[in-house]
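1. Could you look at this predicted model? Sequence included:
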Amino acid sequence: MFGLGKKRSKFGRFLDQNAITQQEISKVSGVNRNSISRITQSDENKPSMKNASKLIKALKKAGYNVDYDDFWSM
C-alpha cells in the first residue's frame with residue numbers, strides 16, 4: 001500500500017489514491033522527481049507556478065479533472 005506511515009499533502013494523497021507513482025508523474029510532466037517528492041510530503045511545500053502547471057497539464061492529459069486550487073491555495 002502506498003503512503004503507509006508517511007505525512008502526505010493533498011497532492012500526495014491524490015497520487016496515492018490513484019496509484020500514480022512519483023516516477024510516472026515526473027516522466028510525463030518533466031518535473032524533477034525530487035521536486036515532486038518535496039511537494040507530496042507537506043501542504044506547506046508548494047511548487048513553483050511553472051512546475052504546478054506542468055503537473056496539472058500532465059494529470060489533465062491522463063484524464064483527471066483537476067485544478068491548481070484542488071491541491072494548493074494561492
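-> Yes, it's here. Numbers count the residues shown, from 1 in each chain.

2. Check which residues of the helix or strand hosting Ile56 are buried.
-> Taking DSSP states H and E as the criterion, Ile56 maps to helix 49-61. Burial within helix 49-61, assessed by neighbour count using 16 or more other Cβ atoms under 10 Å, is assigned to Asn51, Ala52, Lys54, Leu55, Ile56, Ala58, Leu59. For every residue, glycine as well, the C-beta is placed using N, CA and C.

3. Correct me if wrong: the first one contacts Arg33.
-> No - at 11.7 Å, Asn51 does not count as touching Arg33 under the criterion of Cβ atoms under 8 Å.

4. of all the buried residues of helix 49-61, which comes closest to Lys27?
-> Ala58 (9.1 Å; Cβ to Cβ).

5. Next, work out how far apart the closest one and Gly5 are.
-> Ala58 is 27 Å from Gly5, where distance means Cβ to Cβ, to the nearest Å.

6. how about low-confidence regions in this protein?
-> Within the chain, the stretches with pLDDT under 70 are 1-4.

7. Just want the most central residue of this structure.
-> With distances taken as Cα atoms, centre = their mean, Phe11 lies nearest the centre of the chain, 4.4 Å away.

8. Could you count how many residues lie near Tyr64?
-> Tyr64 has 13 neighbouring residues, counting by other Cβ atoms under 10 Å.

9. sec struct for it, please.
-> coil (DSSP: H, G, I helix; E, B strand; the rest coil).

10. Counting neighbours, what do you get for the spatially closest residue to it that is not a sequence neighbour?
-> Spatial nearest neighbour of Tyr64, excluding adjacent residues (Cβ to Cβ, 6 or more residues apart in numbering): Asn18 at 7.2 Å. Other residues near Asn18 come to 12 when the count uses other Cβ under 10 Å.
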